[in-house]
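Participant: need coordinates for the following:
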Amino acid sequence: MTYDFIPSPKFNRQFRILDKFTQKCIQNYINNVILKADNPHNHGKQLVGDLAVLWHYRIGDYRLIVTIQDNELMVPALQINHRRDIYR
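Facilitator: Numbers count the residues shown, from 1 in each chain. All right, here's what the predicted structure looks like:
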């Protein structure tokens, strides 16, 4: 049972402006941790309050914001940004 990673247009825009090293680190994390996990909830942390439907993953100084859809085995990525900017 593997999950599919679905990047949003906003995620793609934010990902493209990152430097190549950071892109590679994030891509490795997605491929080796999120996609290989039987349960992607184990590696992320659920946000609180009104954002409780969202999850975030810590990748160095960057945060990956996703929704996890267990019924469809999908992990749609909403955005990726530096930790100082992601929650604004």
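Participant: the spatially most central residue of the chain - nearest residue in space that isn't next to it in sequence?
Facilitator: In the chain, the centroid-proximal residue (Cα atoms, centre = their mean) is Leu64; its distance is 3.4 Å. Excluding the flanking residues, the one nearest Leu64 by Cβ to Cβ, 6 or more residues apart in numbering is Tyr57, at 4.4 Å. Glycine gets a C-beta too; all of them are placed from N, C-alpha and C.
Participant: near that neighbour, how many other residues are there?
Facilitator: 21 (other Cβ atoms under 10 Å).
Participant: contacting residues for it?
Facilitator: With contact set as Cβ atoms under 8 Å, 6 or more residues apart in numbering, Tyr57 has these partners: Tyr29, Val33, Ile34, His43, Gly44, Lys45, Arg63, Leu64, Val66.
Participant: among these, name the buried ones.
Facilitator: Those of the contacts of Tyr57 that meet the buried threshold are Tyr29, Ile34, Gly44, Arg63, Leu64, Val66, by 16 or more other Cβ atoms under 10 Å.
Participant: just checking, what packs against the longest strand along the chain?
Facilitator: Taking DSSP state E as the criterion, the chain has its longest strand at strand 74-82. Under the contact criterion of 3 or more Cβ pairs under 8 Å, 6 or more residues apart in numbering; DSSP states H and E, strand 74-82 touches strand 4-7, helix 9-16, strand 62-66.
Participant: please point out which parts of the longest one sit buried.
Facilitator: Using 16+ other Cβ under 10 Å as the test for burial, helix 9-16 gives Phe11, Gln14, Phe15.
Participant: give me the contacts around that helix.
Facilitator: Helix 9-16 has contacts (Cβ under 8 Å, 6+ apart) with Pro7, Gln23, Ile26, Ala77, Leu78, Gln79, Ile80, Asn81.
Participant: what sits closest to the fifth one if chain neighbours are left out?
Facilitator: Across the structure, with Cβ to Cβ, 6+ apart as the measure, the residue nearest Leu78 apart from its sequence neighbours is Ile65 (4.7 Å).
Participant: pretty sure that neighbour is touching His56, no?
Facilitator: Yes - look at Ile65 against His56 with Cβ atoms under 8 Å: they come within range, at 5.4 Å.
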